[in-house]
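No letters, just coordinates:
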Ligand SMILES: O=CC(=O)O
């Protein structure tokens, strides 16, 4: 029997700064004929016809009209990651192409990072580490006291899969957990993690730590601005593991400079990376990590596996585990 040709899959590259890790490429090659962007550009006509799917990893390749027009047989874009704000869903759907994401694979690693940022900011880990390695050995811990996470109040804004995992972890720290979400969780789910539904204003006023875990949409853009920051306690810390644009960054800079809130810990900013002279980088009450919520060996593999399952189900006309639709 003739060997069946594997469906063509476009990826940015293998290895290098913007490429897919070798081990993930090997995983993709088990199910697809992998074609890099360079190979497509070298032979647009022939390669373009072969490609039925695109694996988008770390927002690459960029999906624009020109690329979609050059791929007449494209059926699915498998995004590795949960956030799809970098994809123009409406335009893609006008080409009859489906989009999928990986909400299951990202949840644990992103929730872990949320906890890591909260703890690091509370206990001033970055400053402490800088002090420990500085040539000046004459320092006093009393000059840079942190605050405790244990038994503090955590306000989670966005109680989807990741938000809920944060609540599970926070419970082990005996935290009082408030949450705000479009849809309220069931009584059983609330009780299982000890979380209380709260209106935004109350949550902002009462929380010692406010963690943002919402998707970026037209409704959540600049969700946290001057007014919301003004409601937070001067001792409170803002943690963002969603998308930078959920915060009005100018208002955040002002709040941190004037110390109307204690600190911020941000895995996401706008833009990424920030220009080196950005005021957020000049402040010592801010921790910034370079969008590493899913940057673990385990999560990157699980994301590739989830994306593969999604893409194959589209190509085999089977029910799609995680399809995303234009709003
Ligand atoms: O940012 C990470 C994701 O969208 O999964």
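Everything's here; your move. Just so you know, these numbers come straight off a predicted model, no measurement behind them.

can you give me how far stretch 81-101 is from the chain middle?
A distance of 16 Å separates the centroid of the chain from that of stretch 81-101, by C-alpha atoms, centre = their mean, to the nearest Å.

Any buried residues in the helix or strand hosting residue 92, and which?
In this structure, residue 92 sits in helix 89-94 according to DSSP states H and E. If you call a residue buried by 16 or more other C-beta atoms under 10 Å, then helix 89-94 has these buried ones: 89, 92. (Each C-beta comes from the backbone N, C-alpha and C, glycine too.)

quick one: average pLDDT of it?
Regarding helix 89-94, the rounded mean pLDDT is 98.

and after that helix, which helix or strand comes next?
Later in the chain than helix 89-94, the nearest helix or strand by DSSP H and E is strand 98-100.

partner strands of that next one, parallel or antiparallel?
Its sheet considered, strand 98-100 pairs with strand 76-80 (parallel), strand 323-324 (antiparallel) by DSSP bridges.

circling back to that earlier point, what is the helix holding residue 92 packed up against?
The criterion is 3 or more C-beta pairs under 8 Å, 6 or more residues apart in numbering; DSSP states H and E, and the helices and strands that helix 89-94 contacts are helix 65-69, strand 98-100.

tell me what the next helix or strand after the shortest one is packed against?
Yep, that's strand 98-100 we're talking about. Next helix or strand after strand 98-100 toward the C-terminus (DSSP H and E): helix 103-122. Contact partners of helix 103-122 among helices and strands, from 3+ C-beta pairs under 8 Å, 6+ apart: helix 161-172, strand 209-212, strand 237-240, strand 263-266, strand 286-288, helix 297-315.

Is the ligand within reach of helix 103-122?
Yes. Helix 103-122 comes into contact with the ligand (C-beta under 6 Å from any ligand atom), by way of residue 106.

Just checking the distance from that helix to the centre of its chain.
The answer for helix 103-122 is 10 Å, by C-alpha atoms, centre = their mean.

tell me the angle it makes with helix 297-315.
Helix 103-122 and helix 297-315 are oriented at 150 degrees to each other (axes from the mean of the first three to the mean of the last three C-alpha atoms, to 10 degrees).

list the buried ones in helix 103-122?
For helix 103-122, burial by neighbour count (16+ other C-beta under 10 Å) applies to 103, 105-118, 120-122.

Same question for stretch 76-92.
Buried residues in stretch 76-92 (16+ other C-beta under 10 Å): 76-84, 87-89, 92.

Can you tell me which of these lies closest to residue 25?
residue 80 (12.3 Å; C-beta to C-beta).

circling back: take the helices and strands packed on helix 103-122 and lay them out in a markdown table including distance to residue 276.
What follows is these, written out as a markdown table (distance: least, C-beta to C-beta, whole Å):
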| stretch | distance to residue 276 |
| --- | --- |
| helix 161-172 | 30 |
| strand 209-212 | 25 |
| strand 237-240 | 20 |
| strand 263-266 | 16 |
| strand 286-288 | 12 |
| helix 297-315 | 28 |
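
Export these to a markdown table and append columns for mean neighbour count and mean pLDDT.
As requested, the helices and strands packed on helix 103-122 are exported to a markdown table (neighbours: other C-beta atoms under 10 Å; pLDDT from 0 to 100):
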| stretch | mean neighbour count | mean pLDDT |
| --- | --- | --- |
| helix 161-172 | 21 | 98 |
| strand 209-212 | 27 | 99 |
| strand 237-240 | 27 | 98 |
| strand 263-266 | 25 | 98 |
| strand 286-288 | 20 | 98 |
| helix 297-315 | 20 | 98 |
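
between these, which gets nearest to the ligand?
Of all the helices and strands packed on helix 103-122, helix 297-315 sits nearest to the ligand, with 7.5 Å by C-beta to the nearest ligand atom.

Indicate whether that closest one makes contact with the ligand.
No. Residues of helix 297-315 are not located near the ligand by C-beta under 6 Å from any ligand atom, the shortest gap being 7.5 Å.

got the contact list for that helix?
Helix 297-315 has contacts (C-beta atoms under 8 Å, 6 or more residues apart in numbering) with 7, 9, 20-21, 23-24, 27-28, 31-32, 52-53, 55, 57, 75-76, 78-81, 98, 100-102, 104-106, 108-110, 294, 318-323.
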